[in-house]
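*Asks:* I would like to see how this sequence folds:
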Amino acid sequence: MRTDTTVRDVMHREFLGVSESDSLPEAAELLVDEETNCLVVVRGGEPVGRLESRDALDALLSATGVSDESAAASPEHLTVGDVMGPPLPAVSPDDSLAAVEERLVSEGADRVVAVDDGEAVGVVTDGDALAAGAPRTGAGAEGFGDESAAGTPRSEGAVLSTAAAADSDAERGAEATMDPEAAERAAAASRDEAAGTDGGADSVAGAPSGTPTQGVCENCGALVPDLVTANGQAVCPNCREI
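*Replies:* I've put the predicted structure just below:
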């Protein structure tokens, strides 16, 4: 709860009020229409009582059931002053929200009236105090989105490796489109990489003419341990003799 929140910050400046001389049936109708259970009774702005829905209902039912048909027993002649209860707990607009909560609990009330210079200027309900006192951030907000906090560090190596493999495959595909022979060499290189070999193509290119080197024959595509260079191509001994 924010410790700097005051009554002035959360109070309702427009509240439901009635006077002592108001008709009780009309006040009861106001309670129903506004769906509230309490009205502030004021006398020239000063809070002097409260009219709770249960008190108004009890008084109206009692008046309706009385056998005496005198004017005093008629519900329409009852006033708010006849059945109103004691004033609501009063607080200052500058009081803290914590002080309001203490008053609500200690006096068993569901609302307080803010009084300034003897006049009612607002009302704070227990619901208002609860909403204003709710924490601004939830428990466990620190570390939100931090995967390492959950004990599972994020591995970026796998993502980078996948991207590199995709780039390599794309380059090989582009090379195969331009040159059919290159496509065969690329396929052979892929097989060599899967088998854990170094591919052999670069070794042949860097080897002197006629030097035996392991690799893939560019003529028949066979993988042989004694690949040699003949007529500018890396071929196996069988193809060399042709």
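*Asks:* Touching whichever strand or helix holds L39 from outside, list them.
*Replies:* Per DSSP states H and E: L39 is located in strand 38-43. Applying CB atoms under 8 Å, 6 or more residues apart in numbering, the contact partners of strand 38-43 are 15-20, 27, 30-31, 47-53, 80-81, 84, 87-88, 110-111, 113, 120, 123. For glycine as for every other residue, the C-beta is placed from the backbone atoms N, C-alpha and C.
*Asks:* try 6 Å
*Replies:* 15-18, 47-52, 80, 84, 113, 120 (CB atoms under 6 Å, 6 or more residues apart in numbering).
*Asks:* From the recorded domain assignment, give the ranges for this protein.
*Replies:* Split into domains by automatic domain parsing, the chain comes to 7-133, 176-241.
*Asks:* Can you give me the end-to-end span of the first one?
*Replies:* Start and end residues of domain 7-133 are separated by 12 Å (CA to CA, to the nearest Å).
*Asks:* Offset the numbering so it begins at 787, please.
*Replies:* That works, and once the first residue is 787, the last one we named lands at domain 793-919.
*Asks:* That domain - what's its average pLDDT?
*Replies:* Mean per-residue pLDDT for domain 793-919: 89.
*Asks:* same question, the shortest one
*Replies:* The average of the pLDDT scores along domain 962-1027 is 62.
*Asks:* List the buried residues of the helix or strand hosting G908.
*Replies:* For G908, the host element (DSSP H and E) is strand 905-911. Neighbour-count burial for strand 905-911 flags 906-911 (criterion: 16 or more other CB atoms under 10 Å).
*Asks:* got a markdown table for those, with distance to L883 too?
*Replies:* Listed next are the buried residues of strand 905-911 as a markdown table, based on distance: CB to CB, whole Å:
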| residue | distance to L883 |
| --- | --- |
| A906 | 19 |
| V907 | 16 |
| G908 | 13 |
| V909 | 14 |
| V910 | 8 |
| T911 | 12 |
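*Asks:* quick one: which of these is nearest to A884?
*Replies:* Each of those was scored against A884 by CB to CB, and V910 proved nearest at 12.4 Å.
*Asks:* which residues pair with that closest one across the strands?
*Replies:* Under DSSP bridges, the beta-bridge partners of V910 are V898.
*Asks:* L802 and V828, how far apart?
*Replies:* Remark: distance between L802 and V828 (CB to CB, to the nearest Å) = 10 Å.
*Asks:* which of the two has more neighbours?
*Replies:* Neighbours per residue (other CB atoms under 10 Å) separate L802 from V828, with V828 holding more: 19 against 16.
*Asks:* about what we covered before: output the strand holding L825 as PDB, nothing but the C-alphas.
*Replies:* Extracted in PDB, the C-alpha atoms of strand 824-829 (Å, rounded to 0.1, in the frame of the first residue of the first chain):
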ATOM      1  CA  CYS A 824     -26.400   3.900   3.400                       C
ATOM      2  CA  LEU A 825     -27.200   7.600   3.100                       C
ATOM      3  CA  VAL A 826     -25.400  10.500   4.900                       C
ATOM      4  CA  VAL A 827     -27.800  12.600   6.800                       C
ATOM      5  CA  VAL A 828     -26.700  16.300   6.800                       C
ATOM      6  CA  ARG A 829     -27.900  19.400   8.500                       C
END
